[in-house]
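J.: Just the structure for this:
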Amino acid sequence: MVREVPESTDQTSQTPAEAVVRAHEVTFAVDGRELVSEVSFDLHGGEVVALVGPNGAGKSTMLSLLAGDVPPSRGSVEIAGTEVGKWKSGPLARIRSVMLQHNSSNFAFSVDEAVQMGRLPWDVDADRDAALVAEAIADGDLRGFEARDITTLSGGEAARVSFARTKVQTTPIVFLDEPTAALDLKHQESLLRSVRQLRGDGAAIVVVLHDLNLALRYSDRVLVFGGGRLVADGKPAQALTESLVEVVYGQSVRRVQPEGIDHPILIPV
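T.: Residues are numbered from 1 along each chain as shown. From the prediction side, this is the model:
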C-alpha cells in the first residue's frame with residue numbers, strides 16, 4: 001500500500017530488537033522556511049526504511065530530527081516511547097547510532113582507534129569489544145588499514161570506517177545518511193548487505209539514499225520526500241512508480257523487470 005500519511009500501528013514494544021521510532025506531525029523551519037513539513041510515520045524493528053527524494057527534499061534534515069540532533073519546530077519524535085529530546089546522551093547512544101553524510105576528520109586517529117570509538121557508550125568488555133571491532137573491520141574490507149591515519153583516507157575509505165564505527169555501536173536503531181554516496185559498486189553492495197544483516201538481527205534501520213535502484217533492491221519500505229513533505233510511503237516496488245518519480249524528481253523514467261531479478265529497475269529516459 002502506498003499512502004501519503006501512514007496508518008499508525010500497535011507495535012510499541014520497547015525491547016531492543018523491536019525499538020520503535022515515531023514521528024508525529026514533525027515540522028522543522030529555519031528563518032521562516034519549512035525544510036520539513038508536517039511529517040508523520042512509524043518505524044519498527046526488523047525493517048530497512050529508505051528515505052528518498054531529490055536534492056533539498058528534506059531527507060537528511062528528517063534523519064537529523066529522528067536522531068535527536070536537532071529539535072523539531074513543531075510536532076514530536078519519539079524513540080522507544082520517549083521524546084528524543086528527553087533522552088540523556090549515554091542511553092541515547094546505546095539505543096540509536098548515526099552515520100553522518102560527511103566523514104572527514106582533523107584528528108590523526110588510526111582506523112582501528114576510530115572504529116573502537118563506537119564502543120564508547122558501553123561498559124568496557126575487552127574481549128567482546130575486540131571481537132566486534134575485528135568483525136566490522138573485516139566486513140568493511142579494511143583489513144590492512146588498521147594502522148592508517150584516518151586523515152589520509154579517500155572519501156570511500158573514510159565512509160567504510162564510519163560505517164564500521166556505527167556498526168560496532170550495536171544499537172537496535174541505526175540511522176545512515178547517504179552511506180553509499182562515496183563508495184564504488186563493490187562496497188555499495190557490501191555495505192547494504194551488512195545493513196540487511198542488521199535488519200535480520202532485529203534492528204530498525206533508516207537510510208538516506210539517492211540511488212533509487214539501491215532502494216528498490218535493499219529496502220523493505222521507502223518514504224518519498226518532495227519539498228519537505230512525505231509524498232509516498234510503501235513497499236519500494238509499489239511506491240516508486242514511473243509517474244511518481246517523474247512528478248517528484250522532474251525526470252522521466254522507465255521501469256523494467258530484467259529476467260532473473262526479483263525487483264524492478266528504473267532507467268532514465
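
J.: alpha carbons only for contacts and neighbour counts from here, please
T.: Noted.

J.: How is residue 205 assigned, secondary-structure-wise?
T.: Remark: residue 205 carries the secondary structure label strand [criterion: DSSP: H, G, I helix; E, B strand; the rest coil].

J.: ok, it touching residue 49?
T.: Yes. With contact defined as Cα atoms under 8 Å, residue 205 reaches residue 49; the gap is 6.1 Å.

J.: contacting residues for the residue positioned nearest the centre of the chain?
T.: Centroid-nearest residue in the chain, with Cα atoms, centre = their mean: residue 207, separated by 2.3 Å. By Cα atoms under 8 Å, 6 or more residues apart in numbering, the contact set of residue 207 is 48, 49, 50, 51, 175, 176, 177, 178, 179.

J.: thought residue 99 was touching residue 163?
T.: Yes. Using Cα under 8 Å, residue 99 is in contact with residue 163, at 6.3 Å.

J.: Touching both of those two, which residues are there?
T.: Contacts common to residue 99 and residue 163, judged by Cα under 8 Å, 6+ apart, are residue 179.

J.: neighbour-wise, which of those two wins?
T.: For residue 99 versus residue 163, neighbours defined as other Cα atoms under 10 Å are more numerous around residue 163 (25 against 20).

J.: any idea which helix or strand carries the more buried one?
T.: Counting by DSSP states H and E, the element that carries residue 163 is helix 155-168.

J.: what bridges to the residue nearest to the centre of the chain?
T.: For residue 207, the beta-bridge partners are residue 50, residue 176 (DSSP bridges).

J.: same question, residue 222
T.: residue 50, residue 234.

J.: before we move on, what about residue 28?
T.: Applying DSSP bridges, one finds that residue 28 bridges with residue 36.

J.: ok, it to residue 87 distance?
T.: When distance is defined by Cα to Cα, to the nearest Å, residue 28 is 20 Å away from residue 87.
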